[in-house]
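Q: Here is my input; please provide its structure:
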Amino acid sequence: QLHLVESGGGLVQAGDSLRLSCAVSGQTVSKYNMGWFRQAPGKEREFVAAISRKFGIIRAADSVQGRFTISRDNAKNTVSLQMNNLAPEDTALYYCSAGEKSYDVVPSAYDYWGQGTQVTVSS
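A: Here you go, the predicted structure:
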């Protein structure tokens, strides 16, 4: 059983940066496609970024391209999301996810989820 724990969220101002981390236990992170999703109040869960288990191919939502970067550290068994130039519309609960099927943009492609870490960006 895979266990995911997110950390690194907080309250920041527009233009600031944050680095979210997802600690993986129960299996090695390199065996899974890893993703970050976010969910704002009253909205559906939204894809942010993903990294494939093979070759580390990255994909990101258009809304975060050029600002957010996903990375994986196999030695530490973690996945990170570096978020730069944050904007109020980035405010959401951010979830780490893992799956074996594909590094897709839909939540149903992922089998394991963390509890989330809150990111709040003030204007």
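
Q: What pLDDT is listed against the residue most central in space within the chain?
A: The residue at the geometric middle of the chain, judged as the C-alpha nearest the mean C-alpha position with Cα atoms, centre = their mean, is residue 36 (2.3 Å). Per-residue confidence (pLDDT) for residue 36: 98.

Q: Regarding it, what is its secondary structure?
A: State at residue 36, reduced to three classes by DSSP: H, G, I helix; E, B strand; the rest coil: strand.

Q: Quick check: bridge partners of it?
A: residue 49, residue 96 (DSSP bridges).

Q: quick one: contacts for it?
A: Under the criterion of Cβ atoms under 8 Å, 6 or more residues apart in numbering, the contact list for residue 36 reads 20, 22, 48, 49, 50, 70, 79, 81, 94, 95, 96, 97. For every residue, glycine as well, the C-beta is placed using N, CA and C.

Q: The first one bridge partners, please.
A: Spelled out, that is residue 20. Beta-bridge partners recorded for residue 20 (DSSP bridges): residue 81.
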